[in-house]
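Peer 1: Pasting a predicted model and its sequence here:
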Amino acid sequence: MTTPPIPGRSLAPLRVALVGSGAGSTAARVIDSGAVDVRLVLGNNSRSGIFDVARRHCLPTAHLSGVTHPDAHDLDSAVLAALVGADVDVVVLVGYMKKLGPLVLSRYDGRILNTHPALLPEFGGAGMYGDRVHAAVLAAGRTTSGATVHLVTAQYDEGPVVAQAEVPVLPGDDVPALRARVQATEKELLTDVLRSWRP
Ligand SMILES: Nc1nc2c(c(=O)[nH]1)N[C@@H](CN(C=O)c1ccc(C(=O)N[C@@H](CCC(=O)O)C(=O)O)cc1)CN2
Ligand SMILES: NCC(=O)N[C@@H]1O[C@H](COP(=O)([O-])[O-])[C@@H](O)[C@H]1O
């Protein structure tokens with residue numbers, strides 16, 4: 001049985017690993033917020049900005065990919081070992097472009113969060129990442145978009161929603177404009193979740 005937090009007393013920060021493939025702006029916001037104890041930054045793209053962010057904050061990193069580990073099971077094992085070695089409570093996917101494997105999913109079941117740049121369950125699933133998501137929202141003629149933080153399960157974007165935040169889609173919006181509006185809200189949504197949500 002877990003001990004409920006004492007009302008009025010702040011929660012101990014989650015010990016997290018941030019996992020990403022992209023520019024790293026979401027990771028940077030989470031780190032700068034001080035909301036969590038970031039113990040590892042893990043990515044599959046050595047040129048990813050997320051590693052620059054990690055280096056600026058003197059954080060431990062792990063570069064694990066289909067190049068370092070061509071066999072999917074070996075990659076899954078290596079990711080798991082890095083997470084266990086970092087002694088994290090929660091894994092946070094921040095623009096990670098690859099499917100997490102069964103070993104990691106099993107060990108951290110209920111303790112892996114992902115942030116998606118749309119209002120799931122719409123505009124999610126295989127092929128729906130980055131600007132492709134915003135382009136699909138615009139092509140669909142939606143007047144609202146937003147961000148979703150959800151638990152991660154075996155299939156892309158099918159896990160239970162933890163929190164969502166909406167933004168308007170404005171007349172004349174293009175992908176960069178919508179991306180900027182969604183990502184500004186997304187960063188605050190994820191930071192708020194990490195302050196208050198507990199597995
Ligand atoms: N087991 C899981 N792994 C991941 C999940 C998940 O829900 N379960 N979420 C993704 C993040 N994501 C959306 O939020 C997402 C990322 C990437 C893709 C995708 O189609 N990727 C392509 C490859 C793209 C590339 O190599 O650049 C693909 O798999 O063909 C969809 C959704 C993170 N992992
Ligand atoms: N489906 C996954 C996906 O599209 N994730 C998205 O990648 C961006 C990462 O930006 P960043 O690299 O600047 O943090 C974020 O907007 C996140 O929602």
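Peer 2: Structure received. Computed from a predicted structure; not experimentally measured. Ligands and ions are numbered 1, 2, ... in the order given.
Peer 1: ok, which residues in the chain are in contact with ligand 2?
Peer 2: The chain comes close to ligand 2 at residues 20, 22-27, 94-95, 115-117, 128-130, 133, 183, 186, as judged by Cβ under 6 Å from any ligand atom. Glycine gets a C-beta too; all of them are placed from N, C-alpha and C.
Peer 1: now, which of those lie close to ligand 1?
Peer 2: 116, 128-129.
Peer 1: between those, which has the most around it?
Peer 2: For those, the largest neighbour count, defined by other Cβ atoms under 10 Å, is 27 neighbours, found at residue 116.
Peer 1: Please list the members of the residues of the chain next to ligand 2 that lie in helices.
Peer 2: Those of the residues of the chain next to ligand 2 mapping onto helices are 25-27, 133, 183, 186, per DSSP state H.
Peer 1: residues contacting the nearest residue to residue 13 once chain neighbours are set aside?
Peer 2: Ranked by Cβ to Cβ, 6 or more residues apart in numbering and with sequence neighbours excluded, the top spatial neighbour of residue 13 is residue 37, at 4.7 Å. Contacts for residue 37 (Cβ atoms under 8 Å, 6 or more residues apart in numbering) come out as 13-16.
Peer 1: Now the phi/psi pair for residue 80, please.
Peer 2: In this entry, residue 80 is assigned phi and psi values of phi -60, psi -50 (degrees, to the nearest 10).
Peer 1: State the pLDDT value of it.
Peer 2: Looking at residue 80, its pLDDT stands at 98.
Peer 1: Can I take it that residue 62 is in a helix?
Peer 2: No. Per DSSP: H, G, I helix; E, B strand; the rest coil, residue 62 lies outside any helix segment and is strand.
Peer 1: Great, nothing more from me.
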